[in-house]
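K.L.:
can't give you the sequence, but here's the structure:
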């Protein structure tokens with residue numbers, strides 16, 4: 001009876017109506033804020049504060065409606081109003097009308113957001129990829145008879161790209177993507193679509209001795225309209241002035257306002273020595289060839305040739321951050337390879353640490369600096385603070401593609417951050433193969449084969465749509481249980497290399513084949529054809545997944561004793577997809593590094609294989 005009287009009193013005092021009016025009003029307010037705040041770039045914390053305030057205010061609104069009543073004289077305590085003067089019935093009807101009106105308005109806003117603004121947002125996101133302030137700098141064409149001047153043309157193109165990238169408000173496509181159109185004759189509309197760029201800057205360079213004629217033109221990709229062009233006849237020493245002038249003119253045409261700070265950033269970001277950026281371009285060509293089996297028989301030998309050019313560039317321009325970073329790759333591969341003597345590895349670790357430290361110290365890009373410092377610590381024998389450094393590097397704004405960090409960090413719970421960064425890189429550097437590989441491997445390590453296959457399909461579409469055989473695709477198909485498709489893909493592969501053998505291993509084990517049979521087939525592969533020499537890493541994985549834990553531990557212990565062995569073991573764990581392919585007690589140095597960093601162990605397994613083939617991890 002008391003409960004009935006209580007609810008009757010709630011209705012009489014319009015408490016329920018007041019609560020409904022407050023909730024409807026709060027919902028309307030949040031709807032308006034959600035749709036309007038982004039237009040004025042209001043910080044997200046302001047919207048969160050409004051939501052929290054609305055929730056906190058609700059009980060106060062209920063209490064006030066219980067104790068107070070609206071009267072023609074204003075707000076009065078309910079207890080002080082004579083019963084014959086109370087107008088709660090009239091107030092209730094007014095509240096009903098207000099509730100209906102506010103709810104109707106909120107629903108209209110919700111529908112508008114869903115069916116009008118949301119569609120506009122989708123269209124806007126597509127247009128954002130082709131924003132009027134998006135640009136790709138294509139490699140300038142060498143018009144000189146001397147083919148060596150091609151490196152000068154490439155260097156000038158990259159320096160213009162770097163200058164433009166320092167301008168706030170512009171989206172500049174990365175070198176890795178834009179330089180893939182070097183020497184090609186694709187129409188500008190296709191290039192713009194593939195790179196997500198509304199404009200392209202292209203040009204030519206004719207060098208005669210110490211003078212150069214540089215022609216540059218800015219073109220709209222959708223219709224081929226020339227927005228700006230200029231020809232410069234300068235000496236080589238004026239190259240920096242030319243690239244800055246081009247960048248400033250492009251910014252002006254695209255209606256981007258430059259301030260003194262941005263102009264200063266553009267000057268400091270550039271390489272001032274012409275011979276330095278020519279040597280760097282030569283090094284990049286040798287670097288790419290070293291990693292390409294079609295041009296290389298030994299990645300380390302190829303990188304030694306590249307480093308001669310990088311070191312020349314560094315000698316001419318001691319603050320050349322990109323040259324230091326590229327040169328460090330040689331020493332990373334020496335640490336990874338099977339066939340390097342211990343003194344060579346000791347020196348490689350020292351050189352890798354030095355080059356990466358100098359690269360970070362001279363970097364003009366804060367995100368790249370953080371990524372470089374994280375990579376540096378991965379090859380060191382001191383991992384104190386590594387977890388904090390990894391998170392800071394992955395969360396830093398920007399779209400620089402990481403090197404070793406995604407392969408390492410994906411097994412320690414950073415998968416979402418890696419994919420978030422990879423997605424950003426795919427916007428500003430859409431054809432970057434390293435980024436696609438990092439995203440694909442992270443998806444596998446996180447146990448998301450469907451996402452991995454989607455990323456692989458996007459990479460193939462970006463490269464022109466042709467499906468090329470992929471050992472990684474075999475792993476993803478095995479993980480998703482599509483054994484028929486995995487077998488068909490495996491049959492398309494060339495029977496060579498570490499990735500092929502790992503794909504054979506995963507498929508054979510998942511298909512229930514005996515470990516002995518798989519081992520015999522893997523031993524038939526010619527290991528001498530590999531340009532990387534990473535067979536011991538594969539041997540650890542095969543031993544672990546085949547149930548030979550003692551062999552896996554022995555091989556892992558050998559790697560653990562090497563300089564920089566922690567990075568190698570982390571890559572093994574990432575590639576194995578099986579949690580811990582060796583026992584931590586067998587790798588005391590790696591165990592100590594994990595403890596220093598505070599990184600979790602063991603990682604979660606993502607590839608399910610027949611239990612009889614594996615032993616429990618310890």
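P.N.:
Perfect, I can see it now. Just so you know, these numbers come straight off a predicted model, no measurement behind them.

K.L.:
Buried residues of the one helix or strand residue 218 maps to, list them for me.
P.N.:
Using DSSP states H and E, residue 218 sits in strand 211-220. Neighbour-count burial for strand 211-220 flags 212, 214-216, 218-220 (criterion: 16 or more other C-beta atoms under 10 Å). To be clear about C-beta, it is placed using only N, CA and C from the backbone, and glycine gets the same treatment.

K.L.:
Report the next helix or strand after that strand in sequence order.
P.N.:
strand 226-235.

K.L.:
now the following helix or strand past that following strand and strand 226-235, what's the angle there?
P.N.:
Next along the chain after strand 226-235, taking DSSP H and E as the criterion, comes helix 239-253. Interaxial angle of helix 239-253 relative to strand 226-235 (axes from the mean of the first three to the mean of the last three C-alpha atoms, to 10 degrees): 160 degrees.

K.L.:
name the helices or strands packed onto the following helix or strand past helix 239-253?
P.N.:
Sequence order places helix 260-269 as the next helix or strand after helix 239-253, per DSSP H and E. In this structure, helix 260-269 makes packing contacts with helix 149-165, helix 239-253, judged by 3 or more C-beta pairs under 8 Å, 6 or more residues apart in numbering; DSSP states H and E.

K.L.:
Which stretch among those approaches residue 528 most closely?
P.N.:
helix 149-165 (33.2 Å; C-beta to C-beta).

K.L.:
chain center to that closest one, what's the gap?
P.N.:
24 Å (C-alpha atoms, centre = their mean, to the nearest Å).

K.L.:
repeat for stretch 377-395
P.N.:
17 Å.

K.L.:
Show the end-to-end separation of it, please.
P.N.:
17 Å (C-alpha to C-alpha, to the nearest Å).

K.L.:
likewise stretch 469-488?
P.N.:
From its first residue to its last, stretch 469-488 covers 10 Å (C-alpha to C-alpha).

K.L.:
Please identify the buried residues of that stretch?
P.N.:
470-479, 485-486.

K.L.:
And the contacts of that stretch?
P.N.:
437, 440-441, 443-444, 447, 449-450, 452-453, 456, 489-490, 492-494, 497, 499-500, 502-503, 506-507, 510-511, 577, 606-608 (C-beta atoms under 8 Å, 6 or more residues apart in numbering).

K.L.:
Give me the buried subset of those.
P.N.:
437, 440-441, 443-444, 447, 449, 452-453, 456, 489-490, 493, 497, 499-500, 502-503, 506-507, 510, 577, 606-607.

K.L.:
Which ones among those residues lie within helices?
P.N.:
437, 440-441, 443-444, 449, 452-453, 456, 489-490, 499-500, 502-503, 506-507, 510 (DSSP state H).

K.L.:
With secondary structure, pLDDT and distance to residue 409 added, can I get the buried residues of stretch 469-488 in a markdown table?
P.N.:
Converted to a markdown table, those look like this (DSSP: H, G, I helix; E, B strand; the rest coil; pLDDT from 0 to 100; distance: C-beta to C-beta, whole Å):
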| residue | secondary structure | pLDDT | distance to residue 409 |
| --- | --- | --- | --- |
| 470 | coil | 92 | 23 |
| 471 | helix | 94 | 22 |
| 472 | helix | 92 | 18 |
| 473 | helix | 95 | 23 |
| 474 | helix | 96 | 24 |
| 475 | helix | 95 | 19 |
| 476 | helix | 95 | 20 |
| 477 | helix | 95 | 25 |
| 478 | helix | 95 | 24 |
| 479 | helix | 93 | 20 |
| 485 | helix | 96 | 30 |
| 486 | helix | 96 | 27 |
